[in-house]
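Student: Next comes the sequence, and after it the predicted model I'd like to discuss.
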Amino acid sequence: MTVQWQAEAIWEAVSPLWPAFSVEILPEIDSTNTELMRRARAGQHDPVLLVAERQTAGRGRLGRDWKSDVQGEGGTLTFSLGVPLAPADWSGLSLAVGLAVVESLHPDLRLKWPNDVWLQQRKLAGILIETASVGDTRYAVIGIGINIAPRDATDLRTPPAALQELWPEATAPDVLARVALPLVQAVQQFVVQGFAPLRPAFHARDLLYGQEVVCSDGTTGTARGVDASGALLVHTDQGLIKINSAEVSVRPAPPPSPDPGSRGRTV
Ligand code: BTN
């Protein structure tokens, strides 16, 4: 299947904001993040949007793989934005990026702190941000993978969501064309203002708020949104605590206590 990317239109929209910006579409690469990190270490620090129609070794957070079985047929959009950045404070960047993605795509999408986009109770997209040092500043590689079409999920515990459930005619090029400019604008705004002004917008999309959660550091409690730096707030038996980095899962609800009135009855 030939995929029609709107690379020139994206370039025209973004290049006034980021001189020397380029858009590159590759049929195949190991990972767009790995490639931009390789380039950064080799001294290439220009802003670039690198899209891969197929990744052979896509990477997720915490050393996990990022698998997308129907890639190459437009079933998944995989790309990385590489940009030199010098924010006063990096905290909350992944939340700002997630917000740009959900706000440019659909009102029903939610953010699961810190890096995931969810649709109802399933993951739709993931974000992996890495940085390389460039003199006094850093080169940020913001990798995003979005499931466009439903895909084979036999190897996954929970089948992932796909954007076509909300937007049946969505294609990877359409989605990239919608996300690219808002993403660049969000990154530039983050450099100037940080995460704090985005807190209400995050709250409106927060999947975890009010849910009983378990964090990978053992903390359990009720999610209470994020603070001005993007740290997760969890109400625990010891009070409100801040989580800066951890995996968070929603604690399954306890089984309902038996209804005394229905004891012994069969329905
Ligand atoms: C996660 O959910 O753990 C993050 C997934 C990030 C996947 C994207 S796909 C484009 C870019 N290249 C990669 O190898 N990973 C990111």
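Tutor: Good, I have the coordinates.
Student: which residues are contacting stretch 180-189?
Tutor: 10, 13-14, 17-18, 49, 81, 83, 85, 93, 96-97, 99-101, 103-104, 140, 142, 144 (CB atoms under 8 Å, 6 or more residues apart in numbering). In short, each C-beta sits where N, CA and C put it, glycine included.
Student: what comes up buried for that stretch?
Tutor: Of all the residues in stretch 180-189, those buried under the rule 16 or more other CB atoms under 10 Å are 180, 181, 183, 184, 186, 187.
Student: What is the nearest of those residues to residue 224?
Tutor: residue 186 (24.2 Å; CB to CB).
Student: Quickly find the element holding the closest one.
Tutor: helix 172-193 (DSSP states H and E).
Student: Please list the outside residues in contact with the helix or strand just after that helix.
Tutor: Per DSSP H and E, helix 172-193 leads on to helix 199-205 as the next helix or strand towards the C-terminus. Defining contact as CB under 8 Å, 6+ apart, one finds that helix 199-205 is touched by 95, 99, 102-103, 109-111, 209, 225-228, 230.
Student: Which positions within helix 199-205 qualify as buried?
Tutor: 199, 201, 202, 205.
Student: coming back round to it: return only those of the contacts of stretch 180-189 found close to the ligand.
Tutor: On the criterion CB under 6 Å from any ligand atom, residue 144 are the entries of the contacts of stretch 180-189 that sit beside the ligand.
Student: Could you dump the contacts of helix 199-205 into a markdown table with pLDDT added?
Tutor: Shown next, in a markdown table, are those (pLDDT from 0 to 100):
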| residue | pLDDT |
| --- | --- |
| 95 | 97 |
| 99 | 98 |
| 102 | 98 |
| 103 | 98 |
| 109 | 97 |
| 110 | 97 |
| 111 | 97 |
| 209 | 96 |
| 225 | 96 |
| 226 | 97 |
| 227 | 97 |
| 228 | 97 |
| 230 | 96 |
